[in-house]
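> sequence? don't have it. structure:
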């Protein structure tokens with residue numbers, strides 16, 4: 001219907017046009033005035049020039065035609081030559097023909113079929129976007145409905161998840177409460193069982209003691225030919241009352257010398273001492289110089305099938321003969337011979353002949369050369385741990401044999417100055433699974449050694465290069481060890497800061513970096529560590545460090561969230577900025593900031609950290625106000641165990657009392673040379689920490705008297721170390737009190753001249769040892 005309507009409209013217009021054309025007078029006028037040609041010229045110029053002011057442009061061109069009436073008219077007369085199109089811009093059926101032509105050709109006029117085709121195309125062009133828009137709207141509504149259903153499903157799932165969490169949370173809490181009640185009941189039952197067992201043991205011990213006294217009285221009247229062993233067995237509590245497991249556990253606390261004596265007591269004790277658990281490990285170190293080759297031969301001859309581990313460190317009387325005896329223990333797996341200076345290559349040869357399963361060998365400071373290392377490598381193919389530290393005769397030729405030990409994971413060559421590392425390429429190409437390597441104080445290492453480590457040691461995690469062992473070029477070559485987690489460059493004065501920066505940027509798994517007293521270590525190297533999951537940073541004594549080092553570690557990255565230990569003792573550049581940077585480390589537990597120049601306000605910020613170890617000795621900012629802020633921290637009171645305030649002379653008893661009242665878990669306290677310290681503060685320390693306190697240093701505190709020691713003896717009965725040197729007001733009256741109450745006291749440091757010899761001799765009889773006695 002629309003098409004028919006349009007066709008009728010077109011036909012009406014054609015009829016009007018034909019009527020107009022029939023007007024001869026009008027047609028003649030247009031022909032004489034050349035109106036059509038003028039219109040054609042102006043329309044073509046407008047299509048090409050496209051002026052902004054169309055009206056002004058038309059007036060200008062019309063004025064030109066008025067001024068030049070004789071000018072011949074053409075369709076492109078107003079178009080510049082360089083812009084003229086190659087073809088006519090107006091359709092041929094709309095053009096104006098010459099004056100000689102009375103009418104246009106009929107072939108150029110559009111027909112009704114053309115109009116119908118054009119109308120169809122126009123309809124298609126209009127309807128297609130309409131259909132597309134309608135279909136797009138339908139798709140949008142479908143997508144909106146689908147999104148709505150997805151949101152409803154997500155909301156329903158979230159509701160059921162929250163409901164499940166609520167139900168499961170209640171079930172979890174009830175289960176935990178039930179488990180706690182069960183655990184508490186088990187603990188109570190265990191305590192009651194232990195108490196009952198103890199009562200039974202004490203009752204049996206009392207009965208056996210009574211029988212022993214009776215037997216002793218009878219024995220005095222018995223003839224000499226009676227069997228004494230039967231009397232001992234009859235009154236023996238260990239063999240008659242306790243099960244075998246408890247007897248073995250009791251005998252396990254004895255030394256080898258005591259066990260050998262127990263063998264000679266009676267048959268029951270001899271049977272108990274034959275248990276393999278008692279002879280798996282031989283702690284010969286506890287006997288020291290009393291261990292001889294004859295004792296080793298005696299033990300091996302009786303118990304060699306059971307021996308697996310031997311600890312003979314510092315047993316200087318063991319020689320090659322004793323090692324030959326240990327070579328008969330076929331099940332021996334670990335042996336430690338540190339500081340056994342009589343052990344030589346021949347002893348290693350005799351040891352390794354009969355011990356194929358040996359996997360852990362410690363030969364530190366022994367007289368072993370490269371030949372002894374060859375004996376180990378040729379016989380012990382299961383070797384995984386080898387310690388050759390300070391074996392000065394070991395050289396590159398001996399270490400080459402370690403290529404046979406493909407399972408080697410731990411190697412210590414510290415102090416072996418004849419080793420240049422020329423063999424490292426050959427050794428580490430076979431021993432590619434080395435995890436821990438110690439090369440401390442090795443001045444003979446070359447660049448080739450570091451190149452071999454960076455090339456082959458891809459599994460290396462722990463590396464120690466203390467002292468002048470590495471230079472800058474060598475440190476850069478270690479970048480190939482991508483698995484490194486622990487680095488120790490203490491006392492390194494040769495490597496520049498740029499080499500540390502180069503290495504740290506390429507190692508992404510570092511967890512511990514120790515550069516103590518590395519004089520050329522600088523702030524730029526610390527900035528390269530902030531991308532590592534660093535947990536321990538020790539840089540005490542590094543003169544080139546400033547507060548910027550800690551700021552770079554605390555400003556972001558993995559180091560900010562993982563760092564737990566910071567040691568910058570003695571670094572003069574650590575001020576307020578350094579302490580504020582440490583306060584931004586959320587998990588810092590061990591902090592060492594001796595001789596820091598930080599102010600009171602900065603040090604007060606440490607109260608928010610979960611510190612377990614705090615060393616601010618010699619800090620001028622530690623005053624009573626600082627200690628009052630630290631003492632108000634609930635978190636610090638629950639975590640702090642070791643505290644060093646030595647040399648902090650700006651504080652008094654007021655601040656210390658506030659701190660000790662809150663921090664009741666202190667085990668190590670150092671208050672050396674705190675001259676304002678008096679008996680009142682020490683009394684608060686003793687009453688607050690009580691049995692937790694193990695180590696106390698109050699040397700140089702000139703105001704302390706015997707009342708302080710009386711408070712310590714009354715409350716701190718587990719005290720193990722006490723330093724009271726240069727405390728002039730202490731008298732010898734406190735010594736008997738200490739020996740009576742502090743039964744675990746093993747080290748007492750004092751001035752010999754301040755006490756009479758009789759008091760000191762009494763202490764020696766009570767097994768009190770002296771760590772240092774100053775004359």
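Sure, I can see it. Remember, it's a predicted structure, so these values are computed and weren't measured experimentally. Numbers count the residues shown, from 1 in each chain.

> shaky segments in this structure?
1-7, 9-10, 13, 16-24, 27, 90-110, 215-216, 218-241, 752-753, 759-775 (pLDDT under 70).

> OK, contacts around the nearest residue to residue 690 once chain neighbours are set aside?
Of all residues not flanking residue 690 in the chain, residue 715 sits nearest, at 4.8 Å (CB to CB, 6 or more residues apart in numbering). From N, CA and C alone the C-beta is placed, and that goes for glycine too. Applying CB atoms under 8 Å, 6 or more residues apart in numbering, we find residue 715 in contact with 686, 687, 689, 690, 691.

> surely the fourth one is in contact with residue 716?
Yes: applying CB atoms under 8 Å, one finds residue 690 in contact with residue 716, separated by 6.5 Å.

> of the two, who's got more company?
Neighbour count, other CB atoms under 10 Å: between residue 690 and residue 716, residue 716 has more, with 23 against 14.

> from residue 399, how far out is residue 374?
9 Å (CB to CB, to the nearest Å).

> wait, residue 262
Taken as CB to CB, the span from residue 262 to residue 399 is 45 Å.

> between those two, which one's more packed in?
The neighbour comparison of residue 262 against residue 399 (other CB under 10 Å) goes to residue 399, with 26 against 17.

> and the lengthiest strand in the chain, what does it pack against?
If you go by DSSP state E, the chain has its longest strand at strand 747-751. Other helices and strands packing on strand 747-751, by 3 or more CB pairs under 8 Å, 6 or more residues apart in numbering; DSSP states H and E, are strand 721-723, strand 773-774.

> which residues sit in contact with the residue lying closest to residue 358 once chain neighbours are set aside?
Spatial nearest neighbour of residue 358, chain neighbours left out: residue 380 (4.4 Å); criterion: CB to CB, 6+ apart. By CB under 8 Å, 6+ apart, residue 380 lies in contact with 352, 355, 356, 358, 359, 361, 405.

> can you report how many residues lie near residue 441?
18.

> look up how far residue 311 lies from it.
In terms of CB to CB, residue 441 sits 25 Å off from residue 311.

> I'd assumed residue 537 was in a strand, is it?
Yes: under the criterion used here (DSSP: H, G, I helix; E, B strand; the rest coil), residue 537 sits inside a strand.

> where's the residue nearest to residue 479 when sequence neighbours are not counted relative to residue 449, distance?
Closest residue to residue 479 apart from its sequence neighbours, by CB to CB, 6+ apart: residue 506 at 4.2 Å. For residue 506, the distance to residue 449 equals 19 Å [CB to CB].

> tell me which of those two has more neighbours.
More crowded of residue 506 and residue 449, by other CB under 10 Å: residue 449, with 25 against 14.

> for that one, which non-adjacent residue is spatially closest?
In this structure, residue 449 finds its nearest non-sequential neighbour in residue 421, 2.2 Å apart by CB to CB, 6+ apart.

> surely the one you found touches residue 437?
No: contact criterion CB under 8 Å: residue 421 and residue 437 do not qualify, at 11.5 Å.

> so the two - more neighbours on which side?
A count of neighbours by other CB under 10 Å puts residue 421 above the other of residue 421 and residue 437, at 24 against 20.

> how about the more buried one, what does it touch?
Residue 421 neighbours (CB under 8 Å, 6+ apart): 396, 444, 445, 446, 448, 449, 450, 452.

> narrow those to just the buried residues.
Neighbour-count burial (16 or more other CB atoms under 10 Å) is assigned, among the contacts of residue 421, to 396, 445, 448, 449, 450, 452.

> tabulate those residues (JSON lines), appending secondary structure.
Listed next are the buried ones among the contacts of residue 421 as JSON lines, based on three-state DSSP:
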{"residue": "396", "secondary structure": "helix"}
{"residue": "445", "secondary structure": "coil"}
{"residue": "448", "secondary structure": "helix"}
{"residue": "449", "secondary structure": "helix"}
{"residue": "450", "secondary structure": "helix"}
{"residue": "452", "secondary structure": "helix"}
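
> what is the nearest of those to residue 129?
Of all the buried ones among the contacts of residue 421, the one sitting nearest residue 129 is residue 450; the distance, using CB to CB, is 74.7 Å.

> quick check: closest non-adjacent residue to that closest one.
Using CB to CB, 6+ apart, the nearest residue to residue 450 is residue 474, at 3.7 Å.

> how many residues are close by the one you found?
23.

> just the one 4 residues further on next, same as before
When counting by other CB under 10 Å, one arrives at 23 neighbours for residue 478.

> quick one: it and residue 389, what's the gap?
20 Å.

> residue 119 now?
From residue 119 over to residue 389 (counting by CB to CB), the distance is 104 Å.

> so where do the strands sit in the stretch 351-500 of the chain?
360-362, 385-387, 410-412, 436-438, 462-464, 486-488 (DSSP state E, counting those that start in this stretch).

> can you redo these as a markdown table with distance to residue 131?
Listed next are the strands of the stretch 351-500 of the chain as a markdown table, based on distance: least, CB to CB, whole Å:
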| stretch | distance to residue 131 |
| --- | --- |
| strand 360-362 | 85 |
| strand 385-387 | 82 |
| strand 410-412 | 79 |
| strand 436-438 | 77 |
| strand 462-464 | 74 |
| strand 486-488 | 72 |
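
> looking at these, which is nearest to residue 156?
Ranked by CB to CB, the member of these that lies closest to residue 156 is strand 486-488, at 51.6 Å.

> other SSEs contacting that closest one?
Using 3+ CB pairs under 8 Å, 6+ apart: strand 486-488 touches strand 462-464, strand 512-514.

> redo those strands as JSON lines? Include distance to residue 89.
What follows is the helices and strands packed on strand 486-488, written out as JSON lines (distance: least, CB to CB, whole Å):
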{"stretch": "strand 462-464", "distance to residue 89": "86"}
{"stretch": "strand 512-514", "distance to residue 89": "82"}
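
> what's the closest of those strands to residue 325?
Residue 325 lies closest, by CB to CB, to one member of the helices and strands packed on strand 486-488: strand 462-464, at 34.2 Å.

> adjacent strands (with direction) for the closest one?
strand 436-438 (parallel), strand 486-488 (parallel) (DSSP bridges).

> surely residue 692 meets residue 668?
No: if you go by CB under 8 Å, residue 692 and residue 668 don't touch, sitting 10.0 Å apart.
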